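Student: Whatever this is, show me its structure:
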Amino acid sequence: MVVDAQGRAYVGSFGFDLMGGADLRTADLLRVDPDGSVSVVARDLYFPNGSVITDDGVLLVDETLGNRVSAFDIASDGSLGQRRTWASFGDVPADPAFAAVLGAVVLAPDGCCLDAEGALWVADAVGGRVVRVAQGGRILEEIHPGTGVFACMLGGGDGRTLYLCAAPDFQEEARKAAREAQLLSVRVDVPHAGRP
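Tutor: Numbering: from 1, shown residues only. Down below sits the predicted model:
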């Protein structure tokens, strides 16, 4: 989820029962307005997840099981323009069976944040890493903390501390049984930009 300057929240969703091992289905991206009204602003996304808004008003949405980051221009009324690919890491999985999807995912973009050079730091939900990605999909930097990484954010006094939400995996039952999550940090060269 990300909130724009007008207080409108753009919210992703799974679209299928991930923990139950259901077949992959596309999902909607929702907008929640300050008055509480909810509307569908984009359809047919592959697990719309981490999101940022650039300083020039573009919504970037990680499609965790679609091997891509999608971009939408935000209109003054909060509606979104046509989806376009901002970064691609591989093909959209053709077989919807969850095991096949996991095998086809090259980079599973989860939580993300934007830096002042327009690159996106992306947690790779299946790759145990966080990557800095340029528009188009070229990986500029990689950090492998030795555990799974599911979200990241630039912060600190100068915006150059990259915080990583980490855990061994995303299996709900395993995480209930063993509390092994960590908040890690690393210093980077380029500071935070955009929203959040």
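
Student: what pLDDT does the nearest residue to A75 once chain neighbours are set aside get?
Tutor: If the residues on either side of it in the chain are set aside, A75 comes closest to G81, at 6.9 Å by CB to CB, 6 or more residues apart in numbering. No exception for glycine: its C-beta is placed from N, CA and C like everyone else's. pLDDT, G81: 97.

Student: Run a quick neighbour tally on G81.
Tutor: 13 (other CB atoms under 10 Å).

Student: do V186 as well
Tutor: V186 - counted by other CB under 10 Å - has 13 other residues nearby.

Student: Tell me which residues touch it, please.
Tutor: The contact partners of V186, by CB atoms under 8 Å, 6 or more residues apart in numbering, come to 143, 161-162, 164.

Student: mind giving me a markdown table with these and columns for neighbour count and distance to P48?
Tutor: Shown next, in a markdown table, are the contacts of V186 (neighbours: other CB atoms under 10 Å; distance: CB to CB, whole Å):
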| residue | neighbour count | distance to P48 |
| --- | --- | --- |
| I143 | 17 | 24 |
| T161 | 16 | 27 |
| L162 | 24 | 23 |
| L164 | 23 | 21 |
